[in-house]
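Enquirer: pasting the sequence and the predicted coordinates here, then a few questions.
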Amino acid sequence: MLALTASSTLELLQYSPPGWGANLLRGLMNSVLIALGAFGLGAVIGVGGAYGKLYGGPVLRDLLAIYTTVVRAVPELVLILILYYAVTDAVNQILLGLGQDRIQISGFAAGIAVLGIVQGAYATEVIRGAILSVPGGQVEAARAMGMPAGLLARRITLPLMLSAALPGLANLWLIATKDTALLAVVGFGELTQETRQAAGATKAYFTFFMAAGGLYLALSISSGWLFARAERWARRGQPELRG
Amino acid sequence: MTRDFWLPHRIVMAALFAALVVWCVMTLRWDWLPDYLGLAAQGIWRTLWLLALSLLLGMTLAVPLGLAQAAGPLWLALPARSFCTVIRGTPLLLQLWLLYYGLGSLFPQIPWIRQSDLWPILRQAWPYGLLALTLSFAAYEGEVMRGAFRGVGKGQLEAAKSMGMPRLTILRRIWLPQALHRALPTLGGETVLQLKATPLVATITVVDIYAVASRVRQDTFITYEPLLLLAVVYMAITGLIVLAFRHFERRIPTRTA
């Protein structure tokens, strides 16, 4: 009996069709790609937002404060729905205004855009704190030597803030991988959605949800290890935090 | 504070915002609102008690989880550590669906569960939602409590031990109060995160406020208005939570060293 269930479980998870392994792996790849895109977009928004909050004018600062507050107060699920419809509508309105036909935005692009905007709000706060932790003397020295602002950011501020920002960014990356599961609610075929389809078709709910959980866990544990290495690299040459 | 707040550009922004609100009220469709007010109130109530109950139960679980990781023997620390890692490493939506679809399809096959008095409750969706939310909060807060237990000064515990205080009394009088005090600042943020996790239960047919908004969307084909109102409701609840915790934290004395 036990051997039978074990073999049928393995059969269900096989890579080629009667098994659903290929579907799960395709879902995992979609999840990882969306998480990468959203994390990248979020980091770009975060650097821009952090500079805006630190050095921008009063209006820009207040607008960024509203952005980060609203995004962090409203559930991601609600934001995903609002932004999904709003982004699709806005693009189509612009296309219609230009005399083009309306298009269907792919779930992939919409997912990256929506999760990237959410990530950007959190990344703004993380990177703002990290920039503040850069020793003021370094920035002043560079300014005193007449370094232009762009070069200063690229050579001094951003590399120095990286070691302080990486723990927060690692956390954000883990949130990004887990937030991709929310796209299942709008029906996009990432890992959780593929899992639900496989489980629904075969009625083997425990098998598939456990397998997907294992995949998510492997992803988060391996990326935790990678981020720990990256942090050690970014911290090279700096004194140890604790002796 | 009010002097500093009302700078000229903020007055302009507030006026623009008020104009936007007026425009929304005037031009968007709100005629569906009276029909759904009762349902919305029920939804908000359900969201709030799911939040409160999962916080309470989760916190009760988080204390032993943190204690086991901070000071327990290996056979207790290891399961607690792996529980926290597994829950924190997988999406809540997946856990929710595993519990609801997995347990929900397993229970009806077991005769004594079907005949027990609990069956009318287990047949509904909310126990699974509550369980998933509780386990998730327990894992995240258990990690916080681990750090909080570790952070209590060693001297305090040694002093209590050297006075011959029994171990349970040390925990009750010295260790736990100080650990809870250390964990308190994170509790407000965790509560907001937990609020933001509650709409997931709508995917397993629990009718919370998010599910009510989806119902309006399906019934009337109005897209933006219910979603905007939903966002406003969540922002209002978040604001209340933040204010409550600020008030709470001010009442608890902190040593400033």
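Expert: All right, it came through fine. Residues are numbered from 1 along each chain as shown, chains lettered A, B, ... in the order given.

Enquirer: tell me how far B:Ala77 lies from chain A.
Expert: To chain A, B:Ala77 is 18 Å away according to C-beta to the nearest C-beta, to the nearest Å. Heads up, the C-betas are built off the backbone N, CA and C, glycines and all.

Enquirer: show me the contacts for that residue.
Expert: Going by C-beta atoms under 8 Å, 6 or more residues apart in numbering or on different chains, B:Ala77 touches B:68-69.

Enquirer: A:Trp173 versus that one, what's the distance?
Expert: As judged by C-beta to C-beta, to the nearest Å, B:Ala77 and A:Trp173 stand 27 Å apart.

Enquirer: go on, B:Met165?
Expert: To A:Trp173, B:Met165 is 45 Å away according to C-beta to C-beta.

Enquirer: for B:Trp30, which non-adjacent residue is spatially closest?
Expert: Residue nearest to B:Trp30 in three dimensions, not counting chain neighbours: B:Glu225, with 6.4 Å by C-beta to C-beta, 6 or more residues apart in numbering or on different chains.

Enquirer: so that neighbour: helix, strand or coil?
Expert: helix (DSSP: H, G, I helix; E, B strand; the rest coil).

Enquirer: and for B:Gln124?
Expert: Under the three-state scheme (three-state DSSP), B:Gln124 adopts coil.

Enquirer: report the contact partners of it.
Expert: No contacts exist for B:Gln124 under C-beta under 8 Å, 6+ apart.

Enquirer: same question, A:Ile221
Expert: Residues counted as contacts of A:Ile221 (C-beta under 8 Å, 6+ apart) are B:85, B:89.

Enquirer: where's it, which helix or strand?
Expert: Taking DSSP states H and E as the definition, A:Ile221 sits inside helix A:205-234.

Enquirer: so which residue is dead centre in chain B?
Expert: Central residue of chain B (C-alpha atoms, centre = their mean): B:Gln194, 2.6 Å from the mean position.

Enquirer: next one: phi and psi at the nearest residue to it once chain neighbours are set aside?
Expert: Computed as C-beta to C-beta, 6+ apart, the closest residue to B:Gln194 that is not its neighbour in sequence is B:Phe137, at 5.5 Å. Backbone torsions for B:Phe137, taken as degrees, to the nearest 10, come to phi -60, psi -40.

Enquirer: likewise A:Gly99?
Expert: Backbone dihedrals for A:Gly99, given as degrees, to the nearest 10, come out at phi 80, psi 20.

Enquirer: can you give me the strands for chain A?
Expert: Using DSSP state E, no strands are found in chain A.

Enquirer: which regions of it lie under the pLDDT threshold?
Expert: Applying pLDDT under 70 to chain A flags the ranges A:1-18, A:240-243.

Enquirer: quick check: residues of it near chain B?
Expert: A:58-59, A:62, A:70, A:72-79, A:81-82, A:85-86, A:174, A:178-182, A:184-185, A:192, A:195-196, A:199-200, A:203, A:205-206, A:209-210, A:212-213, A:216-217, A:220-221 (C-beta under 8 Å from any C-beta of the partner chain).

Enquirer: residues touching residue 173, list them.
Expert: Since no chain was named, I'll use chain A. A:Trp173 neighbours (C-beta under 8 Å, 6+ apart): A:35, A:39, A:223, A:227.

Enquirer: switch to chain B, that's the one I care about
Expert: By C-beta under 8 Å, 6+ apart, the contact set of B:Arg173 is B:160, B:165.

Enquirer: A:Gly52 - how many residues pack around it?
Expert: Other residues near A:Gly52 come to 18 when the count uses other C-beta atoms under 10 Å in any protein chain shown.

Enquirer: burial of A:Phe206, as a residue count?
Expert: The number of residues near A:Phe206, taken as other C-beta under 10 Å, comes to 15.

Enquirer: show me where chain A has helices.
Expert: Shown for chain A, the helices assigned by DSSP state H span residues A:2-12, A:21-55, A:58-73, A:76-97, A:107-132, A:136-144, A:149-152, A:158-179, A:191-202, A:205-234.

Enquirer: so can I have a markdown table of those helices showing distance to B:Asp208?
Expert: Converted to a markdown table, these look like this (distance: least, C-beta to C-beta, whole Å):
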| stretch | distance to B:Asp208 |
| --- | --- |
| helix A:2-12 | 33 |
| helix A:21-55 | 26 |
| helix A:58-73 | 17 |
| helix A:76-97 | 11 |
| helix A:107-132 | 21 |
| helix A:136-144 | 48 |
| helix A:149-152 | 48 |
| helix A:158-179 | 19 |
| helix A:191-202 | 20 |
| helix A:205-234 | 22 |
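
Enquirer: ok, back up a step: can you turn the buried part of the residues of chain A next to chain B into a PyMOL selection?
Expert: What follows is the PyMOL syntax for the buried subset of those, where burial is set by 16 or more other C-beta atoms under 10 Å in any protein chain shown:
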select buried, chain A and resi 62+72+73+74+75+76+77+78+79+81+82+85+174+178+179+180+181+182+184+185+192+195+196+199+205+209+210+212+213+216+217+220
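
Enquirer: pull up the residues of the stretch 101-250 of chain B that are close to chain A.
Expert: The stretch 101-250 of chain B has residues B:101-102, B:105-106, B:192, B:195-200, B:203, B:210, B:223-224, B:227-228, B:230-231, B:234-235, B:238-239 near chain A, with proximity defined as C-beta under 8 Å from any C-beta.
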